[in-house]
Each structure stands twice: as structure tokens, then as C-alpha cells.
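Asks: Sequence and predicted model, in that order:
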Number of protein chains: 4
Amino acid sequence: MNPEPIRLFVTGGTFDKEYNELEGSLFFHDTHVPEMLRLGRCLVPVEVGALMMIDSLEMTGDDRGLIVEHCRNAREGRIVITHGTDTMVETAAALGRAIRDKTIVLTGAMIPYKFGSSDGLFNLGSALAFVQTLSHGVYIAMNGRVFSWNCVRKNREKGIFEAI
Amino acid sequence: MNPEPIRLFVTGGTFDKEYNELEGSLFFHDTHVPEMLRLGRCLVPVEVGALMMIDSLEMTGDDRGLIVEHCRNAREGRIVITHGTDTMVETAAALGRAIRDKTIVLTGAMIPYKFGSSDGLFNLGSALAFVQTLSHGVYIAMNGRVFSWNCVRKNREKGIFEAI
Amino acid sequence: MNPEPIRLFVTGGTFDKEYNELEGSLFFHDTHVPEMLRLGRCLVPVEVGALMMIDSLEMTGDDRGLIVEHCRNAREGRIVITHGTDTMVETAAALGRAIRDKTIVLTGAMIPYKFGSSDGLFNLGSALAFVQTLSHGVYIAMNGRVFSWNCVRKNREKGIFEAI
Amino acid sequence: MNPEPIRLFVTGGTFDKEYNELEGSLFFHDTHVPEMLRLGRCLVPVEVGALMMIDSLEMTGDDRGLIVEHCRNAREGRIVITHGTDTMVETAAALGRAIRDKTIVLTGAMIPYKFGSSDGLFNLGSALAFVQTLSHGVYIAMNGRVFSWNCVRKNREKGIFEAI
């Protein structure tokens, strides 16, 4: 049970939003994932790379194509993707239709990591556990639960993911 | 993939240490696990119960017997135990020898949750993920890794768990 | 040197911004000032009241009139006001021209309190100290410094207050 | 009202206690005061120097002599000292009897800064404000209040400072 290396692709999302003190607005600066892995004292080898830093509402078909391409070309068979929650299901579907021989887990956060009360660290911990134990497939891991890409939707009124 | 209910037994450990401002020392007051589950917006049903609130260096054979008893009698087949790291391996061994028809995951923290920089939330997230996906057995989940109870030791110099 | 009671009027501002997880935007919910006073273990009697909960860019002349009115009518001679930084100078001027027999200190934050890295608690501590020690007048206290209302401007490029 | 430079002497105390994850105990590593000044975005020039890093219960007469000496020799007329609360009154008395031509404010924390719920940032903000506004003398600033060195005691049951 020696840990296989895991690939982690950052795409932005609430996870990585920061507060711009000059504008009083939210923006993306740099990913907090390496800092979160240090905070979690993560001892599994995780290779982090940022593919983009965007709000998932702004993600285009080309962006999704890029994510699929990077997952397909990654040497690792186990991949975590941090992603905005609004279109996480769409990206999971694009991956699920294209890639069948890897374990890919998408995760995110409802509250930015830089806010004291974020769910991000909890979600990152569970995503890294799910990606090590689940068989090939594409999954969404949020708030303790895990869903196959074709059995999940985001309930926007409640702000949660649920099985369909 | 509807989530089965999970049983979570609290035994104390670094996880739940607090700072006594009158004495300037560390002590146990009450468990922070329910607060951590709220912070993680956990949507898996988790039933939390505190069996004891002690430093694991003070845990006796009787205490371990009590933990085994509670795990055996729990209705749930999936159990997480929060535990001090110093004797986590001993408790895992007591459970591993006694119980073979459940999935039990022990977890803890190197830094108390009430300290801003705790690994506790990350570990709790991964423990809840491992307990949902691993087959029957007793495991230790710390810092992204998971070990079977009979293949792990704590390296006290480095303060980490490692495979044996 | 028994502490006189202090009046604290909340008007909103960055101090009290929160993250709306359904919308992914910032909003005002309720003031965090009582929680901050508890965190600071404040032992000076402070009476907190919210006059409004708005971004100071949206503050109108009527809003400023209301703040002046409440300060004039307060029984206390020492008043702290939490306020957005964008128009803090304007509100201080309205107060400075109208009220000469009280000590009034406006303060705020560059980063919302609910973000882990806020300057709010530091500013609140200093505002409460300045209001207890300065003579009658209207002041702005930000980031360790204090300015009379008619000797200060906000440098918007740098996001700081400076003497004029 | 241009800010005079302030001298800040660190002596240790709860302020700067950290958690040793290998031992599970509290210890002193390095001072957090510069990090706290950055968090407070402090714009007053503060020169920080550590004289010692100890629990104030272990502070000897020699240690107090050293503190008095450093305060006397400092170029600055305004000095803040971070100090454990247990013997803060004794050190204040040693300073109060020896130095009459400077403004010296001692402050501390009931909870270590590295714990999420510390009163340290609030106290530091108020100490820096008091030291800028009070006349010559030696003071203790804790939890929003300020006391002259010869009118204060620590109430150990309640864990607070009170006037005598």
C-alpha cells in the first residue's frame, strides 16, 4: 500500500478566490493548493499544476478540452482536479465520456480557502483519499460525499451536490 | 452510491486539545468534531459519540477494551475513531485482532484543531472518504495516507506514520 | 482610571462583509463586532448598535445625517464607529463639523473580519484605545495610526490613509 | 500628528507560545510580533527586538534588570513590551520605579497568537494606540483597558487584570 503519485490540476474556482483590498472584490491571484497540502502535512506525493485560474461559470468548451487533454496525457493514473462548483458537473461529464482508464476526482469549495471558515481543506483531504481508493472512473467529491460523473447534479438553491 | 451512515467515536488526542488560559496549559474540554463536520459542510450522515477525552499516552488496556466493545456493538458497519497519535497503532491492533467484519478508520492530528494551522480538518475529510471506500479491516489514515493496522508504526523522531 | 462606557455604532463596511456561498459574492449579513469584542476579551463596557449595514460607497447624505444624529444624542461622550474605508473621510468631516464636545473615532478594515487575515481586530483594539485617551474631536484610526478628521485622506492607489 | 517611531521589546509570554507537534507541549520558537504587525497592516514605524523568549513565571530579577536597561537606553521615548501575564505587574513595577521620562506600555495575551482565537492582535493594536497617546509613565494594556503600573493586579482566578 505504498502511495502512488497523484496528479493535481488546479483550474480556479471558489477554492482559490482572494479578496482584493483595493477594489473590495474577489479575484484570483495564485493557487492555495500547495499551502493546503502543507497544512494537511500531506505525505502522499502530489504533483500540482495550474491549468487556468478562472470562475467555472466562465469556463468554455476549449477550456474543458484542455483539461481532458492534460488528464489524458498525464503519466499518473490518479488525478484530482480543483474546480468551481457551478460547472463542475459539465467538466466531469466531458472527462467521463473521454477517459475510462484513470481515476479522476473533481473537488472544490463553497467558501474560499483564505476565509477562515472554508470547507476546502476537508474536501481536499477527502478527494485525495477517494482518488487513492476508487476504481477507474470520473467522480465528484464534495462535502464528504462522492458521486460518479453521470449520477450527480448541483442543486443551486441549496448549494449542494446530490445524486440523480 | 447513497451514503451509508457512519459512526464516529471520539477518544480525545491532539485533535481536541484546548488552551487553558488560566493555567497556560493544554487540556481537554469538549470535542470539536461536530464543529469540524459543520465546517466541512459534511453531507454524509455521521453519528458522533465521545467515549473518552484523554491523551492517548494515558490510554489503558481497559480503555482499549471499551473502544473495541463499542465498535463491535455499533449498528454501523463503517466507523471512524479520532485518537491521539502516540498509541494509535496499539488501539488499531486491538481492534484489528478483534473485529473483522467492519471498516474502521482511526485518525488524529499533529496540531490541535483550535490552533489555526491544524491538519485535523484535512485528516477528518480523508478518514471519512477512506471509511466509505475501503473493504473490511482496521486502518490508520493520517496526512493523506492510509495503512492497514498491522503494517504501520509511528516514527516518533519525525512525527509521522510510516509503513513497516 | 475606571473605564467610561463607550458607544460603538456599526455602519457596515469591509469589516462586516461575508461570503455568500450560493452566489459566490460578498454581502452583509450581521455585524461581527460583538464576536470581535469577545475574541479580544474586551473588559471595557461597550454598547454596540447597528445603524446600517452598507458599503460606504453607497452611503448618502441622509445616512450621514443619521450617524451625526445618533452620535449627538448618545449619552456616552466616547464613540467608536465602524465604517467602510472608501468614504470614511466624508463621514468624519460631517461629524467633525457638527460635534465638538465628544471623542469620536472611526475605524474599519481593509480585509473582511471573516477572512482569516483581517486587520479588523487590530484596528478595533486601537480604536478603543484611542477613544479612551484622545481629547474631544473626530478621528480616523486605521492600521496603528490616528488622524484628525480634517488632516486625512484615503490614498486609493495604495489603499492606505495618509496625513494632508 | 506624524507618527513617532515606537520601540517594541519582545520577552515571550503566551503571545509567542507555539505547539510542539513531536512532544505535544507548548514551547517558544520565534516571536510572532512582526507577522502580527503585518496582519494589522501597521503603518506606524515599529522597531521590534527580542530580549528573551520565556514564560514570565521564570523571569528573574536579572531578566527584569535587563529589560529596564534596554528601555532606559532605547533612543525611542515610546516603548511597547510583550510579556507573559503572570508577572507582568512585577516587571511594570520595576520599570515604573526606574524610568519616568518615557511612555512604556506592557501587553500580552491570554491565548497564544498561533491559536485561531487569540486576543493578541486586539491587545497589540490597543497597546500601540495607548503608547502613542498617553503621557510619560509605565502602563499595562490588556483587553481594552489600560492601568498605571502602581494601580493594577492580576486576578488569577478570573484571569483578568483589575484596578487596585
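Replies: Arrived safely. Numbering: from 1, shown residues only, chains lettered A, B, ... in the order given.
Asks: Distance from the chain centre to the lengthiest strand in chain A, please.
Replies: Among the segments of chain A that qualify as a strand by DSSP state E, the longest is strand A:46-54. Centre-to-centre, strand A:46-54 and its host chain are 10 Å apart (C-alpha atoms, centre = their mean, to the nearest Å).
Asks: burial measure for A:Tyr139, as a count.
Replies: 25 (other C-beta atoms under 10 Å in any protein chain shown). For glycine as for every other residue, the C-beta is placed from the backbone atoms N, C-alpha and C.
Asks: is the host helix or strand of A:Ile79 anywhere near chain C?
Replies: Assessed by DSSP states H and E, A:Ile79 sits inside strand A:78-82. No. Judged by C-beta under 8 Å from any C-beta of the partner chain, strand A:78-82 and chain C are separated, with a smallest distance of 15.1 Å.
Asks: where along chain A do the helices fall?
Replies: Here chain A has its helices, by DSSP state H, at A:33-39, A:61-73, A:88-98, A:120-133.
Asks: Could you pull out the buried residues of the first one?
Replies: By that I understand helix A:33-39. By 16 or more other C-beta atoms under 10 Å in any protein chain shown, the buried positions in helix A:33-39 come out as A:Val33, A:Met36, A:Leu37, A:Leu39.
Asks: in chain A, what spans have low per-residue confidence?
Replies: Screening chain A residue by residue with the criterion pLDDT under 70, one finds the ranges A:1-2.
Asks: Centroid-nearest residue for it?
Replies: The centroid of chain A falls nearest to A:Thr82 when counting by C-alpha atoms, centre = their mean (2.1 Å).
Asks: do you know how far the closest residue to A:Gly49 other than its chain neighbours is from chain B?
Replies: In space, and not counting its chain neighbours, A:Gly49 is closest to A:Phe9: 5.9 Å by C-beta to C-beta, 6 or more residues apart in numbering or on different chains. The gap separating A:Phe9 from chain B is 17 Å, by C-beta to the nearest C-beta, to the nearest Å.
Asks: ok, A:Phe9 touching A:Met52?
Replies: No. The pair A:Phe9 and A:Met52 fails to qualify as a contact (C-beta atoms under 8 Å) at a distance of 9.3 Å.
Asks: neighbour count winner among the two?
Replies: When A:Phe9 and A:Met52 are compared for neighbours, A:Phe9 comes out ahead with 23 against 15, by other C-beta under 10 Å.
Asks: Can you name the residues of chain A that neighbour chain C?
Replies: Taking C-beta under 8 Å from any C-beta as the criterion, chain A approaches chain C at residues A:14, A:17, A:19, A:21-22, A:24-26, A:55, A:86, A:110-112, A:114-117, A:156-157, A:159.
Asks: from the residues you listed, which would you call buried?
Replies: In terms of neighbour count (16+ other C-beta under 10 Å), the buried residues within the residues of chain A next to chain C are A:14, A:17, A:19, A:21, A:24, A:26, A:55, A:86, A:110-112, A:114-115, A:117, A:159.
Asks: Of these, just say which sits nearest to C:Gly125.
Replies: Ranked by distance to C:Gly125 (C-beta to C-beta), those are led by A:Glu21 at 19.3 Å.
Asks: check contacts around the closest residue to the closest one other than its chain neighbours.
Replies: Of all residues not flanking A:Glu21 in the chain, C:Met110 sits nearest, at 4.2 Å (C-beta to C-beta, 6+ apart). When contacts are counted by C-beta atoms under 8 Å, 6 or more residues apart in numbering or on different chains, C:Met110 touches A:Glu21, C:Thr14, C:Thr85, C:Asp119, C:Asn143, C:Gly159, D:Arg41.
Asks: Reformat those as CSV; add distance to A:Ser135.
Replies: Formatted as CSV, the contacts of C:Met110 follow (distance: C-beta to C-beta, whole Å):
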residue, distance to A:Ser135
A:Glu21, 46
C:Thr14, 47
C:Thr85, 53
C:Asp119, 48
C:Asn143, 54
C:Gly159, 51
D:Arg41, 50
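Asks: how close does the residue of chain A most remote from its centre sit to chain D?
Replies: Within chain A, the residue lying farthest from the chain centre (C-alpha atoms, centre = their mean) is A:Leu22, at 28.7 Å. Applying C-beta to the nearest C-beta, the value for A:Leu22 to chain D is 12 Å.
Asks: again with A:His32
Replies: Distance of A:His32 to chain D, computed by C-beta to the nearest C-beta: 17 Å.
Asks: Hmm, A:Tyr113 and that residue touching each other?
Replies: Yes. With contact defined as C-beta under 8 Å, A:His32 counts as touching A:Tyr113 (4.6 Å).
Asks: any common contacting residues for these two?
Replies: Contacts common to A:His32 and A:Tyr113, judged by C-beta under 8 Å, 6+ apart, are A:Phe15, A:Asp16, A:Gly120.
Asks: hang on, the earlier thing: the longest strand of chain A - contacts with which helices or strands?
Replies: Under the contact definition 3 or more C-beta pairs under 8 Å, 6 or more residues apart in numbering or on different chains; DSSP states H and E, strand A:46-54 sits against strand A:6-12, helix A:33-39, helix A:61-73.
Asks: if you compare the ones you listed, which one is most tucked away?
Replies: Of those, the one with the most neighbours on average (mean count of other C-beta atoms under 10 Å in any protein chain shown) is strand A:6-12, at a mean of 24.
Asks: and the angle for that strand with helix A:120-133?
Replies: Taking axes from the mean of the first three to the mean of the last three C-alpha atoms, to 10 degrees, one finds that strand A:6-12 is oriented at 140 degrees with respect to helix A:120-133.
Asks: and for strand A:6-12, what are the contacting residues?
Replies: A:16, A:28, A:31, A:33, A:44-56, A:59, A:63, A:67, A:70-71, A:74-76, A:78-84, A:91, A:128, A:131-132.
Asks: same thing with stretch A:149-163?
Replies: With contact meaning C-beta under 8 Å, 6+ apart, stretch A:149-163 is reached by A:85-86, A:88-89, A:92-93, A:95-96, A:110, A:137-140, A:142-143, A:145, A:147, A:164, B:1-2, B:41, B:43, C:21-22.
Asks: Kindly report the residues of chain A close to chain D.
Replies: A:Gly116.
Asks: ok, 10 Å please
Replies: A:Glu21, A:Arg41, A:Gly116 (C-beta under 10 Å from any C-beta of the partner chain).
Asks: Much appreciated, bye for now.
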